[in-house]
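>>> Return a 3D structure for these sequence lines:
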Amino acid sequence: MMKTTTNDPIVAEVRAARDKHAAQFGYNVQEIFKNIQARQQTSGRKYVCFPARPATKTSSATPNQ
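Coordinates of the predicted model:
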């Protein structure tokens, strides 16, 4: 389990639940994501899906002189 810098019991509970869920899938991100998608499909709830935003060009940290 992750060490936290806060003693907030709600944060600790959420992190423990997340760790328990991830452990079921060997911490494999693809498998975790597939499980979440499957749970959404069977939940009966309506989920909002926004289209991806295009990447924006970032400027350099130092201005040109």
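>>> rest of the way, CA atoms for contacts and neighbours
OK.
>>> So, low pLDDT: which residues of the chain?
1-6, 60-65 (pLDDT under 70).
>>> Now do residue 23 against residue 49, distance only.
Residue 23 is 27 Å from residue 49, where distance means C-alpha to C-alpha, to the nearest Å.
>>> Compare these two (neighbour count), which wins?
The neighbour count for residue 23 versus residue 49, taken as other C-alpha atoms under 10 Å, is higher for residue 23 (12 against 6).
>>> Torsion angles phi and psi at that one?
Reported as degrees, to the nearest 10, the phi and psi values for residue 23 are phi -60, psi -30.
>>> Let me know the distance separating it from residue 53.
32 Å.
>>> Could you do residue 44 as well?
27 Å.
>>> cool, residue 46 as well?
According to C-alpha to C-alpha, residue 46 and residue 53 sit 22 Å apart.
>>> can you check residue 7 too?
Residue 7 is 36 Å from residue 53, by C-alpha to C-alpha.
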